[in-house]
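Q: with the sequence up front, the predicted model follows.
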Amino acid sequence: MRMIGLKKLGGVMAVICLMFSSAAAPARAEEAVTVFAAASLKNAMDDVVAAWMKESGKQAVASYASSSALAKQIEAGAPADIFISADLEWMDYLANKNLIKPASRSNLLGNRLVLVAPEGQAEPIEMKQGLDLARLLDGGRLAMGEINTVPAGKYGKEALQSLGIWPAVANSIAGAENVRAALLLVARGEAPYGIVYETDAAADSKVEIVATFPEASHKPIVYPVAVLAESDDREAESLLAFMKSERAAPFFRKHGFTVLTPAT
């Protein structure tokens, strides 16, 4: 009797294992492509991902944060398939550690750097050499991305240094974890001015652009994209191709980005 019971139990377990394997296979096939993207891309990438899913019938999810935070997460082994940085340096950081597929890398988008203020609370400003921004702050804080790690913060500091403004405002910086967090400080009225990308300013009606930084005052703002070395999702290449195509370009342009990658 004991032997018969064991045989029956073994048969039941085999059926259970078979059922589990059959159920697991479709779930694995439908595993979503994961995109790690700079925070400034949220509105545009939400549109692009939705369009690709509708066209392909596949699934994708996007996670947004500062490029520095995302790069560090990838380095620590976070599961992702595609990375879009707001500057070249953090993509180079991953490339130097062999964490991207080099052949998949390209420069996807461009952007502009602007000075914003709460809507209706400041006059237009001429962003020029020696601007007395400290006087305009009037004891308040200048919101911007953290100047040592967040791309928008690094671009902002470089621009302020180039225009001779930095020494007067260096002690008045409200450093944020990403550019959208800096934007929020201004939108809430917690900072009288902030430095963000033009696309971020366009995404929030509670702020307005009061000045645009001269392009020569900072390095070109470039968003590189690449598939990560550890990605084994075959749909990642499909989503990347869609991002670089003319089908995705209108979504990026709608949100103010310059499309750098030729249509594929």
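A: Looks like it arrived, so ask away. Numbers count the residues shown, from 1 in each chain.

Q: low-scoring stretches of this structure, by residue?
A: For the chain, applying pLDDT under 70 flags the ranges 1-30, 261-264.

Q: the spatially most central residue of it pairs with what?
A: With distances taken as C-alpha atoms, centre = their mean, residue 38 lies nearest the centre of the chain, 1.2 Å away. Beta bridges link residue 38 to residue 65, judged by DSSP bridges.

Q: ditto for residue 118
A: residue 207.

Q: what is the burial count for it?
A: Neighbour count of residue 118, defined by other C-beta atoms under 10 Å: 19. Bear in mind the C-beta positions are built from the backbone N, C-alpha and C, glycine included.

Q: ok, residues contacting stretch 174-192?
A: Stretch 174-192 is contacted from outside by 38-40, 42, 64-66, 69, 86, 116-118, 121-122, 136-138, 140-147, 150-153, 193-197, 200-201, 203-204, 206-207, using C-beta atoms under 8 Å, 6 or more residues apart in numbering.

Q: endpoint to endpoint, stretch 53-65 covers what distance?
A: Terminal residues of stretch 53-65 lie 22 Å apart, using C-alpha to C-alpha, to the nearest Å.

Q: report the buried residues of it.
A: Buried residues in stretch 53-65, counted by 16 or more other C-beta atoms under 10 Å: 53, 58, 60, 62, 64-65.

Q: how many neighbouring residues does residue 124 have?
A: By the criterion of other C-beta under 10 Å, residue 124 has 11 neighbours.

Q: do residue 42 as well
A: Neighbour count of residue 42, defined by other C-beta under 10 Å: 19.

Q: now do the contacts for it.
A: 62, 64, 180, 203.

Q: name the element it belongs to?
A: Secondary structure assigned from DSSP states H and E places residue 42 in helix 42-56.

Q: how far is that helix from where the chain is centred?
A: Chain-centre distance of helix 42-56: 14 Å, with C-alpha atoms, centre = their mean, to the nearest Å.

Q: how about stretch 85-92?
A: 10 Å.

Q: contacts made by that stretch with the rest, please.
A: Contacts for stretch 85-92 (C-beta under 8 Å, 6+ apart): 38-41, 66-68, 70-71, 83, 100, 105, 111, 151-152, 154-155, 179, 197, 219, 221-226.

Q: what about the closest residue to residue 221 other than its chain neighbours, neighbour count?
A: Nearest residue to residue 221 in three dimensions, chain neighbours excluded: residue 111, at 4.3 Å (C-beta to C-beta, 6 or more residues apart in numbering). Number of residues near residue 111 (other C-beta under 10 Å) recorded here: 26.

Q: so who does residue 111 touch?
A: Here residue 111 is in contact with 40, 86, 197-199, 221, 223, 256-258 (criterion: C-beta under 8 Å, 6+ apart).

Q: same deal with residue 79?
A: 34, 230.

Q: helix or strand for it, which one?
A: Counting by DSSP H and E, residue 79 is found in no helix or strand.

Q: backbone dihedrals for it, both of them.
A: As for residue 79, its main-chain torsions (degrees, to the nearest 10) stand at phi -70, psi 110.

Q: I'd like the numbering to begin with 764 instead of 1 from here.
A: In the new count, where the first residue is 764, that last one comes out as residue 842.

Q: what's the separation between it and residue 905?
A: 37 Å (C-beta to C-beta, to the nearest Å).

Q: quick one: the helices in the protein?
A: 765-792, 805-819, 830-838, 851-859, 896-900, 914-925, 929-932, 942-950, 961-965, 998-1006, 1012-1017 (DSSP state H).
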